[in-house]
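Asks: okay, sequence plus prediction incoming.
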Amino acid sequence: MANLIAFLVVTSIVVVASVMGRSWSVRRRALIRLYAVDDRRTPTGARSSTRDTALGRWLASAGYRKPNAQTVFVAATIAAVVAGIAVSQIYRVVFFRPLLVAISNVPGSAGDMLALALQGGPWILFVITAMLPAIAVRTKRRSRVLAIEQDLPLALELFATMAEAGLGFDAALAKIVRAQGSDRPLVSEFVNFQHDMLAGMSRTQALRQLARRIDIPSLTSFTSALIQAEQIGASMAETLQHQAVDLRQRRRENALLRAQALPVKLVFPLVVCFLPGIFVSTLAPVLFQMVEVANGVLRSSGR
């Protein structure tokens, strides 16, 4: 009965997430209208992207952009829930009693704590197994975002150098894509940007679609600057150069911030792992001598 309740709870969570995704799609269409996008001039692929839900955007940011990605994720989540129920039942039937007998000889409150953890083991296994698809997508998304953040400074430097040499934005982009290949996430996004341009989308709207697909603050700032330069007629070379310098400074500031936060982060490992060893090595002989003196005094007084 408990497992049936858990299954119903997870199913209700999935349904609520889909409903929230629909509401987010409505908000996204409102934002697109604020951007003054003409739907009659928008290609079919961009129209379909405006109908994506929050789940679809989350999967797309992780690199899963096939039409059946949401269906596969929901099916994998349901399969993981069923597998979690099976794993929890196997643990309850096969492993629970032997482990409980094994820890029954543990003295003190440690045995009680271990027994309590063993009793909650089925639920822990169920939650971990049910969340495996979400954990896998989250890990893929974090690795993809990290790869894009690592490649973006070099791409901006190449853009700025080629713009100063006299190449236009599209020609510089084509050379970067041709030189680096399409195996990197940022280059693959640039290829999608080129496809949007070839499909008839304006450069401004293609840049906005690029920022929405990746959803990284540094790239969003980059695309916003390019859109502003496109609209006001500013020099693209100067804009790219300023963006490269700004991104380089932000990376330097982030590195300094992490370096300054490192001593604070090292306090907890030092207190937990290093100081007890020092106390044991320095105070153990003194404590041993004090115990011997106390035993000698007690023995002499007992006689």
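Replies: Structure's in. What do you need? Predicted, not measured: the structure shown is a model, and the values here were computed from it.

Asks: show me what the helix or strand harbouring residue 249 is packed against.
Replies: Using DSSP states H and E, residue 249 sits in helix 236-269. Identification of packing neighbours for helix 236-269 by 3 or more Cβ pairs under 8 Å, 6 or more residues apart in numbering; DSSP states H and E yields helix 132-164, helix 217-232. Heads up, the C-betas are built off the backbone N, CA and C, glycines and all.

Asks: list the buried residues in the following helix or strand past the first one.
Replies: Going down the chain from helix 132-164, the next helix or strand is helix 169-180, by DSSP H and E. By neighbour count, with 16 or more other Cβ atoms under 10 Å as the criterion, the buried positions of helix 169-180 are 169, 172-173, 176-177, 180.

Asks: then stretch 84-102?
Replies: If you call a residue buried by 16+ other Cβ under 10 Å, then stretch 84-102 has these buried ones: 84-85, 87-88, 91, 99.

Asks: those in helices, which ones?
Replies: 84-85, 87-88, 99 (DSSP state H).

Asks: any idea which of these is closest to residue 226?
Replies: Distance to residue 226, by Cβ to Cβ, is smallest for residue 84 among those, at 46.3 Å.

Asks: so what's the residue lying closest to that closest one once chain neighbours are set aside scoring on pLDDT?
Replies: Among residues not flanking residue 84 along the chain, residue 129 sits closest, at 3.5 Å (Cβ to Cβ, 6 or more residues apart in numbering). Residue 129 carries a pLDDT score of 89 in this model.

Asks: can you tell me which residues contact residue 129?
Replies: 80-81, 83-84, 87-88 (Cβ atoms under 8 Å, 6 or more residues apart in numbering).

Asks: for it, pull up the helix or strand it's in.
Replies: helix 121-130.

Asks: so that helix versus helix 132-164, what angle?
Replies: 30 degrees (axes from the mean of the first three to the mean of the last three Cα atoms, to 10 degrees).

Asks: pull the distance from helix 121-130 to the chain's centre.
Replies: Centre-to-centre, helix 121-130 and its host chain are 22 Å apart (Cα atoms, centre = their mean, to the nearest Å).

Asks: what do you get for stretch 282-289?
Replies: Distance of stretch 282-289 from the chain centroid (Cα atoms, centre = their mean) equals 48 Å.

Asks: so residue 241 sits against residue 162, correct?
Replies: No. If you go by Cβ atoms under 8 Å, residue 241 and residue 162 don't touch, sitting 11.1 Å apart.

Asks: give me the buried positions along stretch 235-247.
Replies: 236-237, 239-241, 243-244, 247.

Asks: what does stretch 148-156 give?
Replies: Buried residues in stretch 148-156, counted by 16+ other Cβ under 10 Å: 148-149, 151-152, 155-156.

Asks: thinking again about what came up before, just curious, which of the buried residues of helix 169-180 is nearest to residue 123?
Replies: Scanning the buried residues of helix 169-180 for proximity to residue 123, where the rule is Cβ to Cβ, the winner is residue 180, at 47.0 Å.

Asks: thought the closest one was touching residue 187?
Replies: Yes. The criterion here is Cβ under 8 Å, and residue 180 meets it with residue 187 at 5.0 Å.

Asks: next SSE downstream of the helix or strand bottoming out on mean pLDDT in the chain?
Replies: The weakest-scoring helix or strand in the chain, judged by mean pLDDT, DSSP states H and E, is helix 44-50 (a mean of 40). Downstream of helix 44-50, the first helix or strand assigned by DSSP H and E is helix 54-61.

Asks: how is the protein divided into domains?
Replies: Split into domains by automatic domain parsing, the chain comes to 2-130, 142-252.

Asks: select from those domains the stretch with the lowest mean pLDDT.
Replies: domain 2-130 has the lowest average pLDDT among those, namely a mean of 66.

Asks: rewinding a little: distance to residue 266 added to the contacts of residue 129, as JSON lines?
Replies: Listed next are these as JSON lines, based on distance: Cβ to Cβ, whole Å:
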{"residue": "80", "distance to residue 266": "37"}
{"residue": "81", "distance to residue 266": "40"}
{"residue": "83", "distance to residue 266": "40"}
{"residue": "84", "distance to residue 266": "37"}
{"residue": "87", "distance to residue 266": "38"}
{"residue": "88", "distance to residue 266": "39"}
